[in-house]
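A.B. asks: Here is my input, please return the structure:
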Amino acid sequence: MKSTLTVCALAASLVTLPSFASQMTFPHITTTGYGQVEATPDMAEFSVKVVQSQLNADQAKEDVDSVVDTFLAKLADAGVSKEDIKSSNLYLTPQYQYPDKSQPELVGYRASRTVTVQVMEIEKLNDYLDTALASGINQVDNIRLKVKDESQYQEKARIAAIQDAQQKAQSLAKGFAQQLGQVWQITYKQPQNQPVVMRSMMMDSKSESNSYQDSVITIRDRVDVVYKMSK
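C.D. replies: Residues are numbered from 1 along each chain as shown. The predicted structure is shown next:
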């Protein structure tokens, strides 16, 4: 899998930003380093929904359950592990119409269920969506693109952030004719990176599911560092 390493060059400061600034009575530089890595997704998770409306609540439930059971059976035949499938309970709501100047009238029931599938081999994503369509699923809630080993990319982004902070501190010290001393404080909190989430769609649209092939996941990191200054 290919990844592209880039570093964000954002501003550093000669003033003390952290809350512990009052404790630092010596000359110092505070810098913030940023780094990011772009990774190609190699796994996915998608949620699909079947929605049916019928005059009778039992019939609406039966229709939805039948579609979900068919889809689950086909996923099992395709080798998808039970641990990678989550199926929600039935959601059933009455449907009304509202004639002018009269009481609401019950016109039927709307039933729905959602199935979430984790795809460990991303090249099979479209096949599983086709299986959902063939089973009677009529809506995709979302498709989330991920990487299996995010930690390796997080480490690269962290190293880039560290290098960014160091380069900024060195540049600032040189620019002000100062000597950069030892690191006095490091503040780090790992960010929560978000997977690529594709919009919901109806099952008769295939362009969205195909576009994952051009997607990348950006994994970011940052570090705040305080350096002592020496003459």
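A.B. asks: mind checking the SS state of residue 172?
C.D. replies: Using DSSP: H, G, I helix; E, B strand; the rest coil, the three-state assignment for residue 172 comes out as helix.
A.B. asks: Any idea what the closest residue to it other than its chain neighbours is bridged to?
C.D. replies: Closest residue in space to residue 172, ignoring its immediate chain neighbours: residue 29 at 5.6 Å, by CB to CB, 6 or more residues apart in numbering. In short, each C-beta sits where N, CA and C put it, glycine included. Beta-bridge partners of residue 29, counted by DSSP bridges, are residue 227.
A.B. asks: Please shift the residue numbers so they start at 30 in all later answers.
C.D. replies: Sure, I'll start numbering at 30, so the last one becomes residue 58.
A.B. asks: Would you mind confirming that residue 58 is in contact with residue 198?
C.D. replies: Yes - the pair residue 58 and residue 198 passes the contact test of CB atoms under 8 Å, sitting 5.3 Å apart.
A.B. asks: Just give me the neighbour total for the residue nearest to residue 201.
C.D. replies: Using other CB atoms under 10 Å, residue 58 has 24 other residues around it.
A.B. asks: mind listing the helices for the protein?
C.D. replies: 86-106, 154-164, 179-204, 236-239 (DSSP state H).
A.B. asks: measure the most centrally placed residue in the chain to residue 174 for me?
C.D. replies: In the chain, the residue lying closest to the centroid (CA atoms, centre = their mean) is residue 224, at 2.2 Å. Using CB to CB, to the nearest Å, residue 224 is found at 6 Å from residue 174.
A.B. asks: Then residue 55?
C.D. replies: Distance from residue 55 to residue 174, by CB to CB: 47 Å.
A.B. asks: of these two, who's got more company?
C.D. replies: With neighbours defined as other CB under 10 Å, residue 55 and residue 174 compare such that residue 174 has more, 23 against 10.
A.B. asks: For the more buried one, which residues are in contact?
C.D. replies: Residue 174 sits next to 70, 72, 73, 151, 224, 225, 226, 227, 241, 244, 246 when contact means CB atoms under 8 Å, 6 or more residues apart in numbering.
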